[in-house]
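A.B. asks: The following block contains a protein sequence and its predicted model.
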Amino acid sequence: MSNVTFYLLDETAEINQQPAHFALACLLATQHYRQKQKCLIYCQNQQQAEQFDELLWQLPNDAFVPHNLAGEGPVGGAPVEICWQPPSQFNRPVLINLTDHIPAFHQRFRQVIDFVPALEALKVQARERYKHYRAAGNQLDTLPASSINETQHHG
């Protein structure tokens with residue numbers, strides 16, 4: 001069973017032409033890295049994975065997070081790994097889902113992070129994911145995106 005946290009985005013604004021939840025995922029990856037928790041960022045396709053990879057490179061130096069695309073980087077991968085296909089190994093506690101469906105392998109992770117974008121069409125997809133996670137027996141939490149900058153709580 002996984003703990004699934006949905007972050008509710010309150011604005012549709014894209015930041016630097018990136019979807020708003022990408023910026024949020026960057027923040028979360030940074031926080032988990034600082035807490036010494038490895039995470040996997042699961043993307044829709046290779047193009048999205050490369051886009052997210054680029055976004056992490058643009059973080060200021062003091063916020064740098066070691067990361068790599070799946071199949072690149074050190075053996076076992078950097079603390080933050082970005083993939084668009086199911087991973088071959090599950091040695092990370094945290095999964096950040098950027099796709100519009102539920103990763104089939106999500107229960108191999110202790111913690112799953114998902115997003116409810118502000119756009120209505122994407123909200124509908126997020127609600128479907130929420131129902132599926134719940135039906136699969138996961139523990140669900142919903143938090144406003146603004147709570148990320150505050151101290152993280154672990155229940």
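C.D. replies: Cool, the structure landed.
A.B. asks: Output the contacting helices and strands for the lowest-mean-pLDDT helix or strand in the chain.
C.D. replies: Ranking every helix and strand in the chain by mean pLDDT, DSSP states H and E puts helix 20-34 at the bottom, with a mean of 92. Under the contact definition 3 or more C-beta pairs under 8 Å, 6 or more residues apart in numbering; DSSP states H and E, helix 20-34 sits against strand 39-42, helix 46-57, strand 80-83, strand 94-97, strand 111-116. C-betas here are computed from N, CA, C, even on glycine.
A.B. asks: Reformat those as CSV; add distance to Pro144 and mean neighbour count.
C.D. replies: Shown next, in CSV, are the helices and strands packed on helix 20-34 (distance: least, C-beta to C-beta, whole Å; neighbours: other C-beta atoms under 10 Å):
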stretch, distance to Pro144, mean neighbour count
strand 39-42, 21, 27
helix 46-57, 22, 17
strand 80-83, 24, 26
strand 94-97, 17, 24
strand 111-116, 10, 23
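A.B. asks: between those, which one is nearest to Asn68?
C.D. replies: Closest to Asn68 of the helices and strands packed on helix 20-34 is strand 80-83 (C-beta to C-beta; 6.1 Å).
A.B. asks: re earlier: save the helices and strands packed on helix 20-34 as TSV, and put in mean pLDDT and distance to Ala20 too.
C.D. replies: Shown next, in TSV, are the helices and strands packed on helix 20-34 (pLDDT from 0 to 100; distance: least, C-beta to C-beta, whole Å):
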stretch	mean pLDDT	distance to Ala20
strand 39-42	97	16
helix 46-57	94	12
strand 80-83	96	18
strand 94-97	98	14
strand 111-116	96	8
